[in-house]
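1. I would like the atomic coordinates for the input below:
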Amino acid sequence: MQPPANTYRSIWKVSYPIIVGLVAQNLMVVIDTAFLGRLGEITLGAAAIGGIFYLCLVMLGTGFSVGTQIVIGRRNGEGKIKNIGRIFDHALYFMAGLALLLMVFLSVAAPALLQWFMQSDQVLEQSLVFLSYRRFGFFFGFMVLTFNAFYIGIARTQVLIASTMLMAVINVLLDYLLIFGHFGFPGMGIAGAAIATNIAEACTFAFLFFWSRNSGKMKHYRLFRLWKANWRLYRPMLKIAVPVMFQYFLSFSAWFVFFLVIEQIGETALAASNITRSFYMLLMIPVWGFSSATNSLVSNIIGQGKSEEVIPLIKKVLLISLLTTVVIIQVNLFFPVEIASFFTHEAHLVEATRPLLRVISLALVAFAFGMVLFSGLSGTGKTLVALRIELISIAFYLVTAFVLAMVFDASAPMVWFVEVVYFSILGLLSASYLRKGKWKVFKI
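-> Residues are numbered from 1 along each chain as shown. All right, here's what the predicted structure looks like:
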């Protein structure tokens, strides 16, 4: 396949299937939250804590998949198509082992860790119920991430629309049946939400496996050859992926700590923050799509030996992302009550959520700025530098949140403002490094 060119059309061609797929995937989160909101603020708070704790561990797999995507993108740009299948198969081996380790860790460590930090016994109990079921989702979830890395890396992302649509439809249907107990199914509450997502991920893996195995267009990539494990092949993959794994893990761990800080403010603040998180993640989708495309396109362009095109590409994506974000945040600014009412009928929760939705409008602009620049830096392969920038940004993020909540007894909207600080620092530091041009001589 001819690697993509540095044009607005190529950016959109790679980005839009990712965006559509992410819309479907994050609608699952939104509808999960809306369903669980009908069960009360305790369940909403538990879904926030349990969900983010699980996501912290998932980020290790996500980080490895991004590292794999960068390596595959570089080989695709270099025209080394026959090497891609071997990279993909080795990524599957690694992800399967990581899933098993994290399943064991979650089973052993989650009760002690959450009990140590949390104030509300009711929220703790519900969080542990959620995690006891959700832990079985690691394996199929990680397999799906590996397929996503492959298709984004080779810049053939159209199949991701079908796969994530399938996941969303199955998840929402099973949510309705298992959370509330309709049509003879048991009403399992928060446990039903976890089981629904696990089944949806397993079905998505099956779809991607059979699609990739039977598609004539994929045969020259030589997938599923069951290559004998070659530890030398892991060296470039891990060199790129390990910093990204820690970066993603630390980023979401910081968000987990942030929600623990919110939990100290009160159960209503935590429930309102979970509503805000769900809608926030939905509005982040276009920028996530453009950022993933940036990562892959930068890697492909460098593989073609066209490093001089990297900065112009990033500037184009940055412009698209900022304009898109300015448009979508109008929903937040003009309809905050309607948005909050979709998730809950409790008037005090609607009122608590309304100012948070306004705060994240500014945070989304900072996110568009910071995430595109940061993804462009990661796409160059300088993931260790990206990790250092992440650590600096997280340090400011957590210190600011802690001081505001614990020292100045700030309100939840004021604490949420640290999202603006975090993404602004992330973007400024990434831009500064990209301008230096040291990444141009880096080899994978």
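
2. out of everything not next to it in sequence, what's closest to residue 157?
-> Spatially, and ignoring its direct neighbours in sequence, residue 157 is nearest to residue 17 (3.8 Å; Cβ to Cβ, 6 or more residues apart in numbering). Just so you know, the C-beta spots here come from the backbone N, C-alpha and C atoms, and that holds for glycine as well.

3. just checking, what packs against the worst-scoring helix or strand of the chain on mean pLDDT?
-> When each helix and strand of the chain is scored by mean pLDDT, DSSP states H and E, helix 8-37 comes last, with a mean of 71. Packing contacts for helix 8-37, counted by 3 or more Cβ pairs under 8 Å, 6 or more residues apart in numbering; DSSP states H and E, involve helix 41-78, helix 159-180, helix 190-214, helix 267-283, helix 285-303, helix 310-334, helix 336-343.

4. any buried residues in the second one, and which?
-> In other words, helix 159-180. Using 16 or more other Cβ atoms under 10 Å as the test for burial, helix 159-180 gives 159-168, 170-172, 174-180.

5. which elements pack onto the helix or strand that residue 112 is a member of?
-> Following DSSP states H and E, one finds residue 112 within helix 82-117. On a contact count with 3+ Cβ pairs under 8 Å, 6+ apart, helix 82-117 meets helix 41-78, helix 121-134, helix 138-153, helix 231-265.

6. quick check: which of these is nearest to residue 304?
-> Of all those, helix 41-78 sits nearest to residue 304, with 4.7 Å by Cβ to Cβ.

7. next, the angle helix 285-303 makes with that closest one.
-> Orientation check (axes from the mean of the first three to the mean of the last three Cα atoms, to 10 degrees): helix 41-78 against helix 285-303 gives 20 degrees.

8. and helix 41-78, how far from the chain's centre?
-> Distance of helix 41-78 from its chain centroid, counting by Cα atoms, centre = their mean, to the nearest Å, is 5 Å.

9. relative orientation of that helix and helix 336-343 in degrees?
-> With the same axes, to 10 degrees defining the directions, helix 41-78 sits at 100 degrees from helix 336-343.

10. what's the mean pLDDT across helix 41-78?
-> Mean per-residue pLDDT for helix 41-78: 82.

11. in contact with residue 122, which residues?
-> 42, 46 (Cβ atoms under 8 Å, 6 or more residues apart in numbering).

12. let's go with 7 Å and repeat that
-> Residue 122 makes contact with residue 42 under the criterion Cβ atoms under 7 Å, 6 or more residues apart in numbering.

13. swap in the one 5 residues further on?
-> Residues touching residue 127, when contacts are defined by Cβ under 7 Å, 6+ apart, comprise 46, 49-50, 114.

14. again, but for residue 234
-> Residue 234 neighbours (Cβ under 7 Å, 6+ apart): residue 90.

15. so where's the stretch 151-300 of the chain uncertain?
-> Within the stretch 151-300 of the chain, the stretches with pLDDT under 70 are 227.

16. so who does residue 240 touch?
-> 67, 70-71, 381, 383, 444.

17. one more pass at 10 Å, please.
-> If you count contacts by Cβ atoms under 10 Å, 6 or more residues apart in numbering, residue 240 has them with 63-64, 66-71, 74, 299, 378, 381-384, 444.

18. show the buried residues in those.
-> Here, 16+ other Cβ under 10 Å leaves 63-64, 66-71, 74, 299, 378, 381-383, 444 buried among the contacts of residue 240.

19. output the helices and strands packed on helix 82-117 as a markdown table; include the columns distance to residue 438.
-> Below are these laid out as a markdown table (distance: least, Cβ to Cβ, whole Å):
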| stretch | distance to residue 438 |
| --- | --- |
| helix 41-78 | 17 |
| helix 121-134 | 41 |
| helix 138-153 | 24 |
| helix 231-265 | 16 |
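
20. ok now stretch 140-156, how far from the chain's centre?
-> 13 Å.

21. what about residue 421, distance to residue 248?
-> With distances taken as Cβ to Cβ, to the nearest Å, residue 421 is found 20 Å from residue 248.

22. more neighbours: which of the two?
-> The residue with more neighbours, out of residue 421 and residue 248, is residue 248; 24 against 17, by other Cβ atoms under 10 Å.

23. is it true that the more buried one touches residue 145?
-> No - Residue 248 is beyond contact range of residue 145, at 11.0 Å (criterion: Cβ atoms under 10 Å).

24. can I get stretch 422-429 as PDB, trimmed to CA atoms?
-> Output in PDB follows, covering the C-alpha atoms of stretch 422-429 (Å, rounded to 0.1, in the frame of the first residue of the first chain):
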ATOM      1  CA  TYR A 422      -2.500  19.900  32.500                       C
ATOM      2  CA  PHE A 423      -3.200  19.900  28.800                       C
ATOM      3  CA  SER A 424      -1.700  23.400  28.400                       C
ATOM      4  CA  ILE A 425       1.600  22.300  29.900                       C
ATOM      5  CA  LEU A 426       1.600  19.100  27.900                       C
ATOM      6  CA  GLY A 427       1.200  21.100  24.600                       C
ATOM      7  CA  LEU A 428       3.700  23.800  25.400                       C
ATOM      8  CA  LEU A 429       6.400  21.400  26.400                       C
END
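
25. mind listing what's buried along it?
-> Of all the residues in stretch 422-429, those buried under the rule 16+ other Cβ under 10 Å are 422-427, 429.

26. that one - what's its average pLDDT?
-> Mean predicted confidence for stretch 422-429 is 94.

27. contact partners of that stretch?
-> Counting by Cβ under 10 Å, 6+ apart, 251, 254-255, 258, 287, 318, 362-374, 377, 385-386, 388-390, 392-398, 400-401 sit against stretch 422-429.

28. buried ones among the residues you listed?
-> 251, 254-255, 258, 287, 318, 362-374, 377, 385-386, 389-390, 393-394, 397-398, 401.

29. now, which of those lie within helices?
-> Within the buried ones among the contacts of stretch 422-429, residues falling in helices by DSSP state H are 251, 254-255, 258, 287, 318, 362-374, 377, 385-386, 389-390, 393-394, 397-398, 401.

30. the helix holding residue 112: how far from the chain's middle?
-> 16 Å.

31. so it versus helix 190-214, what angle?
-> When the same axes, to 10 degrees is applied, the directions of helix 82-117 and helix 190-214 differ by 170 degrees.

32. buried ones in helix 82-117?
-> So helix 82-117, judged by 16+ other Cβ under 10 Å, has buried residues 83-92, 94-95, 98-99, 102-103, 106, 110, 114.

33. what do you get for stretch 300-314?
-> Across stretch 300-314, burial judged by 16+ other Cβ under 10 Å covers 300-304, 307, 310, 313-314.

34. can I get those residues in TSV with distance to residue 35?
-> Putting the buried residues of stretch 300-314 into TSV (distance: Cβ to Cβ, whole Å) gives the following:
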residue	distance to residue 35
300	40
301	43
302	44
303	44
304	47
307	48
310	43
313	40
314	39
